[in-house]
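>>> using only what follows, build the 3D model:
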Amino acid sequence: MPRCSNGHEQMFGLKCTACGLPLPYKNACADLVSLPKVLPDYGKVSVLFVGLQRFPTTADYSGFILAKDAEAQTIDSFTAEKTHAGTWLDFYARSSGDLRRWLRLVAFDGSRCRFVIVDTTNPLSVMAIASLPLERRTTILAVTADKDSTPLEQNTSYVALSVALKRNFGLLVFSQGFVRDLLLLPEGRSFVSQTDAFSRIVESLIENFDAATEFVERDLNLGVKLHLASAIVSGSSRVYGKTGNVFAAQSYQLDIKPQDTKTMYSLISCEKEVGQDFEKSFSQFRSRRFKAVLSADCRVRERASSELFDVLTFYGVPEEGVLETIAGGYNEVANRVPELKVASVA
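As a prediction, this is how the structure comes out:
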């Protein structure tokens, strides 16, 4: 709005109705050039699903990447067109540019932290990981191939993990077999298995997003990018007895050597009364079995009164050991089709 020299704002006219001074419209036009600053709030947590069944979460934004007969894009989904060959290289070469643009448009990197939940045996996984914005506070929760996976699945998983490590993302790794054998009894529900059970682990991670991201970022500064992850969800003292038994049970779920373990972290959701017991047991178990780790920490999040607890523990390990378990299938496919090598990803 125009103002006279005395600062009186006026709607219309050539002179100020208050003091009679002329109105300098030229100055008022200059003020219109300055636009108000836009500060959108993208929330605290964004989640992206790749190659896995999407399930509800408490995240502020949830999107997914899938493949169908025709390409399409919406605010929460990116659909790549299926190809006849259907290898990871086909999707990467054909759709990675469009995916990068879509991720920018939905401002996936705008939230406080991000989780990418990806089945690395799915041919969409390489394209997705290669297209992610290079932002810190982005953690990849990866379901990986194992010894029972096909050579093509092992090849795809090997490349996806290699690309993630090359791009310096923090990884929490669960094997296909671990997810396949999951069987949980959530509070107030009947037994759930496989993807439904895995969703409860993901939700526990999202509920503890600040601590989980802090641990992963701390390890990146130590040069530790890859973590083997183990979880006990809806555990009970009637099953495990002392809290120390929970950490022992988790370590036996994984093929992990204490001397190769670089870091160790636990995220715990339990009643307030047993929180200190978990912290003490974690410290004792770590000093007894994993005394050589560079960094260790335990965070307890109080939950509503219940005898059940969730414990998510991840161990920072050398990258070579995880890749070696699926290197056989990777090499078998890459020797037949040289294009399906890590070097094909720019």
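
>>> tell me the SS of L220?
Following DSSP: H, G, I helix; E, B strand; the rest coil, the label given to L220 is helix.

>>> neighbours of S344, just the number please.
16 (other Cβ atoms under 10 Å). C-betas here are computed from N, CA, C, even on glycine.

>>> what about the residue lying closest to it once chain neighbours are set aside, helix or strand, and which?
In space, and not counting its chain neighbours, S344 is closest to L89: 5.9 Å by Cβ to Cβ, 6 or more residues apart in numbering. Per DSSP states H and E: L89 is located in helix 88-105.

>>> how far is that helix from where the chain is centred?
19 Å (Cα atoms, centre = their mean, to the nearest Å).

>>> any idea how far V345 is from the residue nearest to S344?
Per Cβ to Cβ, to the nearest Å, L89 is found 8 Å from V345.

>>> shared neighbours, the two?
V126 (Cβ atoms under 8 Å, 6 or more residues apart in numbering).

>>> returning to that earlier point: hmm, L340 and the residue nearest to S344 touching each other?
Yes - counting by Cβ atoms under 8 Å, L340 is a contact partner of L89 at 5.9 Å.

>>> okay, and the helix or strand of this protein with the least pLDDT?
strand 192-193 (a mean of 58; mean pLDDT, DSSP states H and E).

>>> now the next helix or strand along the chain from that strand: buried residues?
Once the chain leaves strand 192-193, the next helix or strand it forms, by DSSP H and E, is helix 194-207. Residues of helix 194-207 classed as buried: T195, A197, F198, S199, R200, I201, V202, E203, S204, L205, I206, E207 (neighbour count, 16 or more other Cβ atoms under 10 Å).

>>> export these as a markdown table, with columns for distance to G321 and pLDDT.
Rendered in a markdown table, the data for the buried residues of helix 194-207 read as follows (distance: Cβ to Cβ, whole Å; pLDDT from 0 to 100):
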| residue | distance to G321 | pLDDT |
| --- | --- | --- |
| T195 | 26 | 73 |
| A197 | 26 | 77 |
| F198 | 23 | 85 |
| S199 | 28 | 86 |
| R200 | 27 | 85 |
| I201 | 22 | 87 |
| V202 | 24 | 90 |
| E203 | 29 | 88 |
| S204 | 26 | 87 |
| L205 | 23 | 90 |
| I206 | 28 | 91 |
| E207 | 30 | 89 |
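
>>> name the next helix or strand downstream of the helix holding L89, please.
Tracing the chain past helix 88-105, the next element assigned as helix or strand by DSSP H and E is strand 113-119.

>>> between strand 113-119 and the following helix or strand past that next one, find me the angle.
Sequence order places helix 124-131 as the next helix or strand after strand 113-119, per DSSP H and E. In terms of direction (axes from the mean of the first three to the mean of the last three Cα atoms, to 10 degrees), helix 124-131 departs from strand 113-119 by 150 degrees.

>>> the next helix or strand after helix 124-131 - contacts with which helices or strands?
Per DSSP H and E, the first helix or strand lying C-terminal to helix 124-131 is strand 138-144. Secondary-structure packing of strand 138-144 (3 or more Cβ pairs under 8 Å, 6 or more residues apart in numbering; DSSP states H and E): strand 113-119, helix 151-166, strand 170-175, helix 176-180, helix 194-207, helix 209-221.
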